[in-house]
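A.B. asks: here is a sequence together with a model predicted from it:
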Amino acid sequence: MLTNAPRGTKDILPSQVESWVRLENKIRELCEIYGYEEIRTPTFEHTELFKRGIGEGTDVVDKEMYTFTDRGDRSITLRPENTASVVRAYLQNKLYANAGLVKLFYIGSMFRYDRPQAGRLREFHQFGVEALGEKNPAVDAEIILLAWEFLKSLGLDDLTLKINTVGCPECRPIFRKKLTEYFTEEADELCEDCRRRLEKNPLRILDCKIDGLKDFMDDAPKIETCLCDDCREHFNAVKKFLTAADVPFEVNPRLVRGLDYYTKTAFEIQYAPLGAQSAVAGGGRYDGLIKEIGGDDTPAVGFAAGLERILLALELQKNLPASNKKIAAFIVSGGSAAEVYAFKLLTDLRRKNFSAAMDFGKKSMKAQMKAAAKSGAKFALIVGEDEAANSTVTIKNLETAAQEVVPLAQVSEKII
RNA sequence: GCGGCUCUGGUGAAGUGGUUAACACGUCGGAUUGUGGCUCCGAUAUGCGUGGGUUCGAUUCCCACGAGUCGCCCCA
C-alpha cells in the first residue's frame, strides 16, 4: 500500500508538532539546569556495537533489531537505543579527556521490530541522559531526579518511581545461582515463560505476572542477602539521596532490566493508566559497559524516556495545551484589480514581521471573510478596487466588528 | 513472536444478502448589488480496509492478507 506508512511508524502531524516542541523545549531547559549537554549520534551503527553493548541473548538484540548489510558488506543496525552509541562516541572522541564526569543527553528516534501497540512503535522517540565517569551514588540520584522532575514538570501525576539494585559482576552471579537453584526445584509450578527464563534470565522470573503471585515466590532468594558490601552501601546511599531530595520511591526487589549492561542501581518510572506499556522512563547504572565496548573501566549511569508514551500520558491527563496560534491580519481582496495591491500589502506586512494571510482561491468576499474569522485573525484588512485606487485599507476588527478606512502607510500601526 | 477484538465518507458513526448506504459534525456553495462568527437552504462515500471465494446478486456470509487495538512477551 503506497499510501500507508510502514507498520509501527507514525507521522507527526502539524497539529501534534506543538506538543513535541514543547516537550523538547522542556528537555533542553531542564538539561541545561542540570548541566547536561546535547549529543547527536548516527541513527545507525555497526551491528556489533549493539550486540556487545546490549548483550546477545537479550530480546532487543535477538529479535528486535533492524539489521541489514550495506553495499560495502558491513552489517549495520538501526539503533534500538542510544546508550551504546553515546558510549561509543564518548570513546571515539575521547570526551573523557580533561573531564572527570561527562554529562550528556540526547533526543532521537530508535528502532525496534516489535509488534506495535499503543505506546509501542517500531520507530519511536527517546530522550535520554548519560553521566559517564563517576561512581558516586549521588550521580545515580541526580539522574533519577532529573527523570522525575522532568515528568513532574510536564504536569504528570500518578507517577510511581520504582528502584532496585541488580548487583555487580561480583555479587549478581551468586544471586543468580541461588535463584536458579531455588526455581529449578519449583520448576513444575512455573509458567511456560518462566521455565524458559530459568536458563536465560532467572531474575526475570521475579518479575513474572503469573508466577509472581504464587506462594513459593515469597520464599525466593532476595537480592539483599547476596549483595556485596559495595553494592549494598551504594544502594543505601542512593536511597538516602533520594529521600533528601524528597522524591517518593518504592523499593521493588523484583524490578529488573532487560539490557545486560545494567549494574547496581536500576529504576523505572511508571504511569499506570497507560496499561501494558506503562513504563515511561527507565534506566540505571552500567559500570561495565564502557569497558565492554573497549574503553577503560569507567562507571556510568543513565536513563531513557519514551516520548510517545509521555505524550499519551499527557493526553490521558488532558494536559496537552490547547493551541492558541493566532495570526495578526487576514487580507480580504475584492475584484481582480485589487489582487496585486492586496498581495503587495501582504508582503509588506510580512516584511514587518506581522503574521498575515490571505486567501488565494479567488473566492467571494463573503467566503474570504469567513476564512478570516476562522483563521482567528484579529483584523480583516479589506482591499477592493476603491482602496486600491486611493491607497487605503479598510481595517475591520473582527472581535468588535468596528471598521475604519486608513491610509496604506498607517496599516501596520493600526493592527498592533 | 503468541492470543482476543475491530476495520463503513475528512471526523463520530447508523445500517442491510438485492434498484437512492441514515443521522450528526466538518468542508464547500448560496440567502440581490464589496464584509465573518447566529439562522436557513443546497452540495458532499458509484463506496463500506485489500484481495479472493460462496451466491442470480455482497458493504452485509466465508477465507487470506493488511492495518489498528487489547492482553502476553518485551521495553521507553
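C.D. replies: Received, thanks. Bear in mind the structure is a predicted one, so any value in this text is a computation, not a measurement.

A.B. asks: how about A:K10, secondary structure?
C.D. replies: coil (DSSP: H, G, I helix; E, B strand; the rest coil).

A.B. asks: so it makes contact with A:R120?
C.D. replies: No. If you go by Cβ atoms under 8 Å, A:K10 and A:R120 don't touch, sitting 11.5 Å apart. In this view, the C-beta of every residue, glycine as well, is placed from N, C-alpha and C.

A.B. asks: what's the burial count for A:A338?
C.D. replies: 21 (other Cβ atoms under 10 Å).

A.B. asks: what do you get for A:R52?
C.D. replies: Residues near A:R52, counting by other Cβ under 10 Å, number 19.

A.B. asks: which positions in the helix or strand containing it come out as buried?
C.D. replies: For A:R52, the enclosing helix or strand under DSSP states H and E is helix A:47-54. For helix A:47-54, a neighbour-count test (16 or more other Cβ atoms under 10 Å) marks A:T47, A:L49, A:F50, A:K51, A:R52, A:G53, A:I54 as buried.

A.B. asks: switch these over to JSON lines; also include pLDDT and distance to A:A141.
C.D. replies: Listed next are these as JSON lines, based on pLDDT from 0 to 100; distance: Cβ to Cβ, whole Å:
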{"residue": "A:T47", "pLDDT": "96", "distance to A:A141": "35"}
{"residue": "A:L49", "pLDDT": "96", "distance to A:A141": "29"}
{"residue": "A:F50", "pLDDT": "96", "distance to A:A141": "28"}
{"residue": "A:K51", "pLDDT": "94", "distance to A:A141": "31"}
{"residue": "A:R52", "pLDDT": "92", "distance to A:A141": "28"}
{"residue": "A:G53", "pLDDT": "92", "distance to A:A141": "24"}
{"residue": "A:I54", "pLDDT": "91", "distance to A:A141": "25"}
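
A.B. asks: where does the stretch 101-250 of chain A have low pLDDT?
C.D. replies: Low-confidence segments of the stretch 101-250 of chain A, defined by pLDDT under 70: A:213.

A.B. asks: do the same with the stretch 301-416 of chain A
C.D. replies: Ranges of the stretch 301-416 of chain A meeting pLDDT under 70: A:321-324.

A.B. asks: what does it put close to RNA strand B?
C.D. replies: Residues of the stretch 301-416 of chain A found near RNA strand B (Cβ under 7 Å from any atom of the strand) are A:304-306, A:308-309, A:334, A:361, A:363-367, A:369-374, A:380, A:382-387, A:394, A:396, A:398-401, A:403.

A.B. asks: contacting residues around the residue of the stretch 51-200 of chain A found nearest RNA strand B?
C.D. replies: Proximity of the stretch 51-200 of chain A to RNA strand B (Cβ to the nearest atom of the strand) peaks at A:A118, 2.9 Å away. A:A118 makes contact with A:L274, A:G275, A:Q277, A:L312, according to Cβ atoms under 8 Å, 6 or more residues apart in numbering.

A.B. asks: try A:L227
C.D. replies: Counting by Cβ under 8 Å, 6+ apart, A:L227 makes contact with A:T165, A:G167, A:C171, A:F175, A:F235.

A.B. asks: wait, the third one touches A:C226, no?
C.D. replies: Yes. With contact defined as Cβ under 8 Å, A:C171 counts as touching A:C226 (5.4 Å).

A.B. asks: what number of residues are in the vicinity of the closest residue to A:W148 other than its chain neighbours?
C.D. replies: Closest residue in space to A:W148, ignoring its immediate chain neighbours: A:V247 at 5.4 Å, by Cβ to Cβ, 6 or more residues apart in numbering. Residues within reach of A:V247, counting by other Cβ under 10 Å, total 17.

A.B. asks: widest-spaced pair of the contacts of A:A118?
C.D. replies: Using Cβ to Cβ, the contacts of A:A118 reach their maximum pairwise distance at A:G275 and A:L312, which is 9.7 Å.

A.B. asks: so what sits against both of the two?
C.D. replies: A:A118, A:G119.

A.B. asks: show me where the stretch 51-200 of chain A has strands.
C.D. replies: Along the stretch 51-200 of chain A, counting by DSSP state E, counting those that start in this stretch, strands occupy A:66-69, A:75-78, A:102-111, A:123-132, A:159-165.

A.B. asks: from the chain's centroid, how far away is the first one?
C.D. replies: Pointing back at strand A:66-69 there. The chain centroid and the centroid of strand A:66-69 are separated by 24 Å under Cα atoms, centre = their mean, to the nearest Å.

A.B. asks: list the contacts of it.
C.D. replies: A:T47, A:S75, A:I76, A:T77, A:L78, A:P80, A:F111, A:R112, A:Y113.

A.B. asks: closest to A:V102 among those residues?
C.D. replies: A:P80 (22.8 Å).

A.B. asks: what does the pLDDT read for that closest one?
C.D. replies: For A:P80, the pLDDT comes out at 96.

A.B. asks: who touches it in this structure?
C.D. replies: A:P80 makes contacts with A:F50, A:I54, A:V60, A:V61, A:E64, A:M65, A:Y66, A:M110, A:F111, A:R112, as judged by Cβ under 8 Å, 6+ apart.

A.B. asks: try 6 Å this time
C.D. replies: A:V60, A:M65, A:M110, A:R112 (Cβ atoms under 6 Å, 6 or more residues apart in numbering).

A.B. asks: return the residues of the stretch 1-150 of chain A in contact with RNA strand B.
C.D. replies: So far as Cβ under 7 Å from any atom of the strand goes, the stretch 1-150 of chain A lies against RNA strand B at A:1, A:4, A:6-8, A:58-60, A:63-64, A:81, A:112, A:114-121, A:124, A:126.

A.B. asks: centre of the chain to the lengthiest helix in chain A, how far?
C.D. replies: Determined from DSSP state H, the single longest helix within chain A is helix A:14-34. Its chain's C-alpha centre and that of helix A:14-34 lie 10 Å apart, by Cα atoms, centre = their mean.

A.B. asks: from RNA strand B, how far off is A:T47?
C.D. replies: Between A:T47 and RNA strand B the distance is 18 Å, computed by Cβ to the nearest atom of the strand, to the nearest Å.

A.B. asks: same deal with A:P407?
C.D. replies: In terms of Cβ to the nearest atom of the strand, A:P407 sits 15 Å off from RNA strand B.

A.B. asks: on that earlier part again, please pick the buried ones from the contacts of A:A118.
C.D. replies: Buried among the contacts of A:A118 by 16+ other Cβ under 10 Å: A:L274, A:Q277, A:L312.
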